[in-house]
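Participant: Sharing a model prediction with you, sequence too.
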Amino acid sequence: MRPLLEVFDTVQSKTPKSLGSNAWYLATAAALVSLGKPEEIGELSLHLTKNSSSEHKDTKELISKRLRDVLMKEWTLVGIPLVITALSSLAKAEEGQNLEGGLSKKWQNPLDPQGLSERGTTFLQTLYAQNLTPIFSTWGTHRADFEYLEKNIIYGLYLSDHDVLSAIEAEVVILTAIMCQGLPAPTIYHLRGLRRLGISAEDVEALEMAVEAVAEWAGRETSHWPRVVDVVLS
């Protein structure tokens, strides 16, 4: 098997700068968890912090918080067991770094249900636009419950929380987690979502090629993955 550190370098070199300078490791983390390799998150964390001395504690704090946010978002996308396994790996890698603990500030104040619903609905509409209602309509008698969960919990509470990761970075995580599960229709939705956030087709394709490097390392077949050329924005 190809060394994982080489995979990190490949993903970093392939991920376009338009997604942000940190997008490569967010995509790598999301891919490792979704591909069933959550125990490798610690290796990624060590790789990211290996050149950070004790004087660069702020850098380590930021990396830790960003990886934590990836896992919080993947909680809704790939399931709790994979995320908990990744979390343990991350915590072990961070031992001795004297990072801040405790409950994040955003959870310390009472959550505003109406605000969460509006935030989640806005991000959903940004990503899906006119495709959102047709998707909801396929859910039959289950629509009301699952539409509520999508708007208020999955997107409202988690995926539209952009305090740590930007909207584009969050969508990189969402697309990667879904794509690595080999789900054609949802992958197309989120290839389209990145395009609607202003990312060019060329850069979306470059991201997919970067994520493929992780999937191939993990022994997954990617030839069936949808491509950005399959996406129609209108």
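Facilitator: Yes, it's here. None of these values were measured; they are calculated from a predicted model.
Participant: Now do stretch 162-171: distance to the chain's middle.
Facilitator: Centroid displacement of stretch 162-171 relative to its chain, using C-alpha atoms, centre = their mean, to the nearest Å, is 9 Å.
Participant: Pull the contacting residues for L71.
Facilitator: 29, 33, 41, 83, 86-87, 90 (C-beta atoms under 8 Å, 6 or more residues apart in numbering). To be clear about C-beta, it is placed using only N, CA and C from the backbone, and glycine gets the same treatment.
Participant: Please tabulate these in JSON lines and include neighbour count as additional columns.
Facilitator: Conversion of the contacts of L71 to JSON lines gives the following (neighbours: other C-beta atoms under 10 Å):
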{"residue": "A29", "neighbour count": "28"}
{"residue": "V33", "neighbour count": "30"}
{"residue": "I41", "neighbour count": "26"}
{"residue": "V83", "neighbour count": "21"}
{"residue": "A86", "neighbour count": "25"}
{"residue": "L87", "neighbour count": "19"}
{"residue": "L90", "neighbour count": "22"}
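Participant: Please enumerate the helices of the chain.
Facilitator: Counting by DSSP state H, one finds helices in the chain at the ranges 4-14, 23-34, 41-49, 57-74, 80-93, 105-108, 113-128, 132-136, 143-149, 167-179, 184-196, 201-217.
Participant: If you count neighbours, what's buried in the fifth one?
Facilitator: Using 16 or more other C-beta atoms under 10 Å as the burial criterion, the residues of helix 80-93 that qualify are 82-83, 85-87, 89-90, 93.
Participant: With the fourth one instead?
Facilitator: Residues of helix 57-74 classed as buried by neighbour count (16+ other C-beta under 10 Å): 60, 63-67, 69-74.
Participant: If you average pLDDT over each of the helices of the chain, which is lowest?
Facilitator: Lowest mean pLDDT within the helices of the chain: helix 105-108, a mean of 83.
Participant: Contacts for that one next, please.
Facilitator: Helix 105-108 has contacts (C-beta under 8 Å, 6+ apart) with 161, 163.
Participant: coming back round to it: now render the contacts of L71 as TSV, adding distance to Y155.
Facilitator: As requested, the contacts of L71 are exported to TSV (distance: C-beta to C-beta, whole Å):
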residue	distance to Y155
A29	20
V33	19
I41	24
V83	17
A86	22
L87	22
L90	24
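Participant: Tell me the one of those residues nearest A201?
Facilitator: A29 (24.5 Å; C-beta to C-beta).
Participant: distance of that closest one from D163?
Facilitator: Using C-beta to C-beta, to the nearest Å, A29 is found at 18 Å from D163.
Participant: now V11
Facilitator: Per C-beta to C-beta, V11 is found 25 Å from D163.
Participant: These two: which is more packed in?
Facilitator: More neighbours surround V11 than the other of V11 and D163, with 23 against 10 (other C-beta atoms under 10 Å).
Participant: For the more buried one, which non-adjacent residue is closest in space?
Facilitator: A210 (4.6 Å; C-beta to C-beta, 6 or more residues apart in numbering).
Participant: Isn't that neighbour up against F8?
Facilitator: No: counting by C-beta atoms under 8 Å, A210 sits too far from F8 to count as a contact (10.6 Å).
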